[in-house]
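J.: turn this into a structure:
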Amino acid sequence: EIKRFDDPSLVLIGFKPLSMLKKHHFVKPAQFLSPEESLISGFHIHFLPYADDLRKLDVPEKVQANQEQVDKMKEIVQKLRFTYRSEAFENPALQQHFRNLEALALDLLEPEPIEDLTQPKIEMMDRRMGPLAEEFRELVYPPDYNPEGKAVKRKQGDGGGGQAEKKPKAEVAALSEAELRNYLKCGTLGKLTDRRAHV
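T.: As a prediction, the model looks like this:
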């Protein structure tokens with residue numbers, strides 16, 4: 001049997017200025033509290049985080065754009081502006097659904113392709129910008145910057161991470177015809193490493 005500890009109550013310890021309430025302290029939506037439900041007067045309760053809910057992050061220092069870079073980006077934005085009209089953009093998922101229904105109703109082999117109007121028109125944007133994109137790239141990125149470049153992956157054995165290298169799978173060239181047929185029979189032929197194998 002649960003014993004009653006005390007009458008339901010809320011103890012007001014004190015007040016803090018509104019400046020102490022930070023946006024990043026949001027835990028959950030505030031609630032409105034009034035002494036009696038029939039009364040309109042009352043106050044909002046804001047839930048604050050516990051000390052262990054807060055942590056300091058080492059945010060890397062941001063590199064500020066200089067005025068020339070800002071001006072160049074303003075030119076680009078100005079060139080790419082257009083009047084937005086919601087009726088000019090059809091829902092591509094819904095349009096595809098309608099085309100699928102149409103293909104079923106008309107007994108077509110496949111639905112007609114749709115034009116996704118939500119995708120950016122790259123060619124038109126390039127024409128509008130002209131040389132501005134290249135000029136902006138030269139202002140912002142180093143001369144040897146390659147946006148198409150891919151990150152170089154480290155090999156598993158490099159860096160002394162303590163991980164043992166994986167053992168290579170069975171080499172196809174070293175297998176006899178009987179072993180190859182056995183792999184084929186078991187359905188494990190695709191697991192072999194040499195892609196030159198043909199049976």
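
J.: hang on, isn't residue 76 packed against residue 130?
T.: No - when contacts are counted by CB atoms under 8 Å, residue 76 is not listed as touching residue 130 (10.1 Å). Heads up, the C-betas are built off the backbone N, CA and C, glycines and all.

J.: more crowded one of those two?
T.: Higher neighbour count among residue 76 and residue 130: residue 76, with 16 against 10, using other CB atoms under 10 Å.

J.: name the nearest residue to the more buried one, sequence neighbours excluded.
T.: Using CB to CB, 6 or more residues apart in numbering and skipping the chain neighbours, the partner closest in space to residue 76 is residue 132 (5.1 Å).

J.: what residue ranges in the chain score low on pLDDT?
T.: The model of the chain has pLDDT under 70 over residues 1-2, 150-174, 189-199.

J.: for stretch 81-95, measure first residue to last.
T.: 26 Å (CA to CA, to the nearest Å).

J.: can you list contacts of it?
T.: Contact with stretch 81-95 is made by 114, 116-118, as judged by CB atoms under 8 Å, 6 or more residues apart in numbering.

J.: in the protein, which spans are strands?
T.: Ranges of strands within the chain are 31-33, 43-45, based on DSSP state E.

J.: strand partners (parallel or antiparallel) of the first one?
T.: Each strand paired with strand 31-33, and its direction, by DSSP bridges: strand 43-45 (antiparallel).

J.: what residues of the strand it pairs with count as buried?
T.: Under the neighbour-count criterion of 16 or more other CB atoms under 10 Å, strand 43-45 has nothing buried.
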